[in-house]
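**Student:** give the three-dimensional model of this entry:
(4 chains)
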There are 4 protein chains.
Amino acid sequence: MRTFRLVIACPDGVGIVAKVSNFLATYNGWISEASHHSDTESGWFFMRHEIRADSLPFDLKGFYQAFAPIAKEFSMQWRITDSAVKKRVVLMASRESHCLADLLHRWHSGELDCEIPCVISNHDALRSMVEWHGIPYFHVPVDPADKQPAFAEVSRLIDEYQADTVVLARYMQILPPDLCQRYAHQVINIHHSFLPSFVGAKPYHQAAKRGVKLIGATCHYVTEELDAGPIIEQDVVRITHRDEVEDMVRLGKDVEKMVLSRGLRYHLEDRVLVHGNKTVVFN
Amino acid sequence: MRTFRLVIACPDGVGIVAKVSNFLATYNGWISEASHHSDTESGWFFMRHEIRADSLPFDLKGFYQAFAPIAKEFSMQWRITDSAVKKRVVLMASRESHCLADLLHRWHSGELDCEIPCVISNHDALRSMVEWHGIPYFHVPVDPADKQPAFAEVSRLIDEYQADTVVLARYMQILPPDLCQRYAHQVINIHHSFLPSFVGAKPYHQAAKRGVKLIGATCHYVTEELDAGPIIEQDVVRITHRDEVEDMVRLGKDVEKMVLSRGLRYHLEDRVLVHGNKTVVFN
Amino acid sequence: MRTFRLVIACPDGVGIVAKVSNFLATYNGWISEASHHSDTESGWFFMRHEIRADSLPFDLKGFYQAFAPIAKEFSMQWRITDSAVKKRVVLMASRESHCLADLLHRWHSGELDCEIPCVISNHDALRSMVEWHGIPYFHVPVDPADKQPAFAEVSRLIDEYQADTVVLARYMQILPPDLCQRYAHQVINIHHSFLPSFVGAKPYHQAAKRGVKLIGATCHYVTEELDAGPIIEQDVVRITHRDEVEDMVRLGKDVEKMVLSRGLRYHLEDRVLVHGNKTVVFN
Amino acid sequence: MRTFRLVIACPDGVGIVAKVSNFLATYNGWISEASHHSDTESGWFFMRHEIRADSLPFDLKGFYQAFAPIAKEFSMQWRITDSAVKKRVVLMASRESHCLADLLHRWHSGELDCEIPCVISNHDALRSMVEWHGIPYFHVPVDPADKQPAFAEVSRLIDEYQADTVVLARYMQILPPDLCQRYAHQVINIHHSFLPSFVGAKPYHQAAKRGVKLIGATCHYVTEELDAGPIIEQDVVRITHRDEVEDMVRLGKDVEKMVLSRGLRYHLEDRVLVHGNKTVVFN
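**Tutor:** So this is what the prediction gives:
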């Protein structure tokens, strides 16, 4: 069923819900899902509605115009999206295939509701798998001595393929600050630790050294500061003294796949609202 | 902060949220929490609001009168409760102390927001523990040959102490049908299995015999059919071949305590809406 | 590192461990992993050793001959396997791709240490995916009016491809009793419920109807009685009132994949010992 | 059933298991539980046996003498304990009652197999609860300007009551280095975060600030470096954007109790072997 997703963040106050729901009721909008959150600490209010598209008398543009005065009145940061307009997600990977294969299968089987216009990798290893899915594969090697040309090409491809979301599916390269800024809240990374523990390289080795009893994975928006962006989703799995680093790598893969696919799903369905360095996830 | 909790179930339709939120906005009601759910299968709509009591110009009675026309218009099943009026919860136990001790400590430390006017048990074993908390303890033995007098006394105590909720904290006796009917959706039981597996007696023995790899517990409202009432909360814990029945009993205790205390908490905060044999839990 | 896996089940008694470890020490066997379990209820003892193959002076045959007297003395049911001899696993699927794709990727990426000589399906839907992996795909339709010919062909293929393990990766057909008997403890099924709850068809619909708060999946050996064989692995995922059957199907897929791949891994590494209708899993 | 627990750590090598199991078999020892672990990285071997006491011809002293030559041959760090000799555990708490009440109830109901000779607190708040259990309660206030006298008194009480284990059940004071050294691997702390995240004060506030989606607790041996000792057990619980710090505190309490009681249980049953800054936990 096609829906419009109305996503709002604004300073909290009396009458916001009434105003919005009145607006929807006036136009006979059928609300299929509604979520609210008042953040006591920041004094902000967050709201998400799914409304059946066929119950409303206008399209997205019409909605924008009709709703704009309310948005202005309450100083809302807001967006309205159409479930029928699939987001365009560029996947970036390196040599490890598990996250990429997982996302591709979810997409192929219709579980992940998006377009995947292309895959970019700094290695050529996963070309055949990607191309079997009918998706263009771009091998953009990163020269450690001068990474700038590679990231210029990455940026060009993102723009050429009109991506609105980029997923670093174990890409293993740090994006330069200008890309982080340019695509703020559009680049999703999966980090193979339970952040903020074990930031940076080789988190499973760090975990083994510290002797933790659970390992995890974190899906977050990429910001300039490494592994410090707003967290969308996390999960963990139990390990024991028997699990060496290679076992952690294997067990961790399953957590990474689950956490990334869940986080991406929330993002695609406009369930994630970023506020400062934190997220509200209406799942 | 004192709140009013407005809990509504009604046939789904356009304009309900608008009407309710308009009503609240008209009276300047400050909504601190709002939850909605449209059940596609049954065509029912469920809604819960917490509103700051001091933001409204009336008390519960006034609210009832003012809201009644809306409730009638949409054929609502509804209630409004005051967080300052603590529910009165009678605890019933047998010989096992873990659930009772857990609830008493949560109550004593201020975590469980209710009154516990008395504890009823078919054994005298836990009297001292209960009385240390300053709570009356009634030993009501159940004669297997004629259980009726015991349950008459139980019923009398429930009424005398004006309980609105009864918790079977591993009471181990089956309530007679008339009590189940009389206190429908007011009696909460903890069953030591992941229902619907292992209904009835000795669920851990049943689990051991079947060779399951997880055991669980289920918190549910009591109905006439044994262990078949609406489920409020469930959880599980992993076991291995090394765990014999006595280990399951020990591991299960922790799950029982957690599941019961969570389920009771949801109930006390008016987060549980029963519809048919299922629950909506706005947690 | 190549290992021999010595797996033993026998009536419990004093001196078994000593005899076995003495035997291994005599031949200078380097034990890389050892697990024991005394089952109090049945009075049986279970034991698994991994021994570095290069530390022993003989091959599997030599091991058999040398160890046979000890095995006889303690009435052992036992086997010795070579990690370098990969098990041959025939996968069977229907239309749903998630479990099949998951296992194929794990195999392709080297995580699942086995041969997959062929895939058999009662539909032709997944041929391209399977063949991309370089694995033969056999479409064996099952005529509801006469299933015998199909299962005769299935049996022929299993034999032709010398499978020692068959995985029903959401095959959705019930194997006839003669196949269950013929390949006892060799056929692994994934059932999409937390058994023994919701045996048989449409378990997610059953779960939705009962209003459970967790759904699960069970990996078990197939026996003649439907969904009643020895359980290898289980897991669950939390759901809420918002999750309709289609959401359960989606959420359940991830649990099914995880549970099946873990259970199969334990089987492939000879970590599962069946005793009666239960398993010892040395993981 | 009374058992002897033989716990061994030594450099790995061929023949250790054979030697130990031969020794036990020679004396007709009935092994009820056996666990081994070869740590590839450190090259160490860890081993734990439970042997029925009545199957052996000697007491602990006799065992020591008989086993000493083997221990010497393999340079073992080892101990043998008697399940009938309960460990003496001094509990230390501050104002928060949840961990203390939980441990006291487990002890009172026979689940926790130890002696609790006394409870020490820097506040007088929990005296009545402790004394109801028949356990002496010592109020030892800590003067922020000069903590030395308080810790001298703590140390004196630990010695006077012949404790072999000290549990910091949310004691909230940092032990001075000399106490950490004196009771190395004998002092167990519960930290209310998933270490190594959120070391030090107010971890729930830190967690709220970082916007994590799971919070946890860690049970570890106390060392001089704050919250950096060998980890015995950890666990987590899911939170959402709706959970403010006070909710985290409430949800976290349940994790703290579970993790501490499990970790302490492993310790009491001699299941924890410390090696460097990591633990082997044979549970």
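**Student:** wait, does stretch A:62-82 contact chain B?
**Tutor:** No. Figure legend: stretch A:62-82 not in contact with chain B (CB under 8 Å from any CB of the partner chain); closest approach 12.4 Å. Yep, even glycine has a C-beta here, placed from its N, CA and C like the rest.
**Student:** going by neighbour count, list what's buried in that stretch.
**Tutor:** Within stretch A:62-82, the residues scored as buried using 16 or more other CB atoms under 10 Å in any protein chain shown are A:63, A:67, A:70, A:71, A:74, A:76, A:78, A:80, A:81.
**Student:** now do stretch A:163-174
**Tutor:** A:163, A:165, A:166, A:167, A:168, A:169, A:170, A:171, A:173, A:174.
**Student:** distance to residue D:252 and pLDDT added to the buried residues of stretch A:62-82, as CSV?
**Tutor:** As requested, the buried residues of stretch A:62-82 are exported to CSV (distance: CB to CB, whole Å; pLDDT from 0 to 100):
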residue, distance to residue D:252, pLDDT
A:63, 42, 96
A:67, 40, 97
A:70, 39, 97
A:71, 38, 97
A:74, 35, 97
A:76, 34, 98
A:78, 34, 98
A:80, 38, 97
A:81, 36, 97
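**Student:** farthest-separated two in those residues?
**Tutor:** Largest separation among these by CB to CB: A:74 and A:81, giving 19.5 Å.
**Student:** stretch A:217-230 and chain C in contact?
**Tutor:** No. Using CB under 8 Å from any CB, stretch A:217-230 stays clear of chain C, coming no nearer than 13.9 Å.
**Student:** quick one: buried residues of stretch A:113-126?
**Tutor:** Buried-residue list, stretch A:113-126, by 16+ other CB under 10 Å: A:114, A:115, A:116, A:117, A:118, A:119, A:120, A:121, A:122, A:126.
**Student:** isn't there a strand covering the fourth one?
**Tutor:** So the one you mean is residue A:117. No. Residue A:117 is assigned coil when assessed by DSSP: H, G, I helix; E, B strand; the rest coil, not a strand.
**Student:** for it, give its distance to residue A:61.
**Tutor:** Distance, residue A:117 to residue A:61, using CB to CB, to the nearest Å: 24 Å.
**Student:** repeat that for the first one.
**Tutor:** Here the criterion is CB to CB. By it, residue A:114 lies 22 Å from residue A:61.
**Student:** and the fifth one, by the same measure?
**Tutor:** For residue A:118, the distance to residue A:61 equals 29 Å [CB to CB].
**Student:** what about the closest residue to residue A:73 other than its chain neighbours, distance to residue A:75?
**Tutor:** Nearest non-adjacent residue to residue A:73, counting by CB to CB, 6 or more residues apart in numbering or on different chains: residue A:19, 7.5 Å away. Distance of residue A:19 to residue A:75, given as CB to CB: 13 Å.
**Student:** with residue A:266 instead?
**Tutor:** According to CB to CB, residue A:266 stands 25 Å off from residue A:75.
**Student:** for chain A, what spans make up the strands?
**Tutor:** Secondary structure of chain A, counting by DSSP state E: strands at A:3-11, A:31-39, A:44-52, A:77-82, A:87-93, A:114-115, A:119-121, A:137-139, A:165-168, A:187-191, A:214-221, A:231-238, A:272-275, A:278-281.
**Student:** sheet-wise, list the partners of the shortest one with their directions.
**Tutor:** Under the criterion DSSP bridges, strand A:114-115 sits next to strand A:87-93 (parallel) in its sheet.
**Student:** got the angle between the strand it pairs with and strand A:187-191?
**Tutor:** Strand A:87-93 and strand A:187-191 are oriented at 40 degrees to each other (axes from the mean of the first three to the mean of the last three CA atoms, to 10 degrees).
**Student:** strand A:87-93: how far from the chain's middle?
**Tutor:** Here strand A:87-93 is found 10 Å from its chain centre; the criterion is CA atoms, centre = their mean, to the nearest Å.
**Student:** which pLDDT value belongs to the closest residue to residue A:241 other than its chain neighbours?
**Tutor:** Computed as CB to CB, 6+ apart, the closest residue to residue A:241 that is not its neighbour in sequence is residue D:280, at 4.3 Å. Looking at residue D:280, its pLDDT is 98.
**Student:** before we move on, back to that, if you average pLDDT over each of the strands of chain A, which is lowest?
**Tutor:** Of all the strands of chain A, strand A:31-39 has the smallest average pLDDT, which comes to a mean of 92.
**Student:** does that one come close to chain B?
**Tutor:** Yes. Strand A:31-39 comes into contact with chain B (CB under 8 Å from any CB), by way of A:31, A:32, A:33, A:34, A:35, A:36, A:38.
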